[in-house]
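Trainee: Just the structure for this:
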Amino acid sequence: MLRRALAAILIACVSACASMSPGSSMDGAAAVAAAAEKLRVAMIDPTSDALSALVSDDLSYGHSSGKVDTKASFIADLLSGASDFVTITITDQTIKVVDGNVAIVRHTLAADSNDGGKPGKVLIKILGVWQKQGGQWKLVARQAIRPPA
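Mentor: Model (predicted):
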């Protein structure tokens, strides 16, 4: 019974993907999801090269505290440990690709942090704006809010 249900789901997914043209928003959404996942991993184990490849030179990175980072300050804080993520879990992610080169990504981020050597927990809602630049998806803007209590 379960095997038939899984087969039906797989057939539906394959049919839906086959009906979409190359370069469709489904392809774009998958590429954006992959870039967002690379950023999640790079925020846990940061390197300048990995982060630079994923964020725009024009990055505006808003924190739930009101602090706004640029590309340089965002990367510097991760590399120095001022912003230190031990774990990051992303849930409830939605991606909408607009005109093929801009994507709106929303998700909930739960994390264990160790900012400046001080352990903590983070639970925030994120709005991210990604743009295709030079054939690569890059984070251009990000704003976090604390969810209502």
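Trainee: Output the contacting helices and strands for the lengthiest strand in the chain.
Mentor: Ranked by residue count and defined by DSSP state E, the top strand of the chain is strand 118-133. Helices and strands touching strand 118-133, by 3 or more C-beta pairs under 8 Å, 6 or more residues apart in numbering; DSSP states H and E, are helix 25-44, strand 102-115, strand 136-145. For every residue, glycine as well, the C-beta is placed using N, CA and C.
Trainee: if you set the cut-off to 7 Å instead, what comes out?
Mentor: Contact here means 3 or more C-beta pairs under 7 Å, 6 or more residues apart in numbering; DSSP states H and E; on that basis strand 118-133 packs against strand 102-115, strand 136-145.
Trainee: and the ones you listed, which is most packed in?
Mentor: Mean neighbour count, computed with mean count of other C-beta atoms under 10 Å, is highest for strand 136-145 among the helices and strands packed on strand 118-133, reaching a mean of 18.
Trainee: So for the spatially most central residue of the chain, what's the pLDDT?
Mentor: What sits nearest the mean C-alpha location of the chain, by C-alpha atoms, centre = their mean, is Ala36, with 3.1 Å. For Ala36, the model assigns a pLDDT of 98.
Trainee: rewinding a little: will you turn the helices and strands packed on strand 118-133 into a markdown table that also has mean pLDDT and distance to Thr89?
Mentor: Output for the helices and strands packed on strand 118-133, formatted as a markdown table (pLDDT from 0 to 100; distance: least, C-beta to C-beta, whole Å):
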| stretch | mean pLDDT | distance to Thr89 |
| --- | --- | --- |
| strand 102-115 | 97 | 5 |
| strand 136-145 | 98 | 15 |
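Trainee: Tell me what the residue nearest to Gly62 when sequence neighbours are not counted is bridged to.
Mentor: Distance criterion C-beta to C-beta, 6 or more residues apart in numbering; nearest residue to Gly62, sequence neighbours excluded, is Gln143 at 4.1 Å. With DSSP bridges as the criterion, Gln143 is bridged to Gly62, Leu127.
Trainee: Gln143 and Tyr61 touch, don't they?
Mentor: No: Gln143 lies out of contact with Tyr61 (C-beta atoms under 7 Å); the separation is 8.4 Å.
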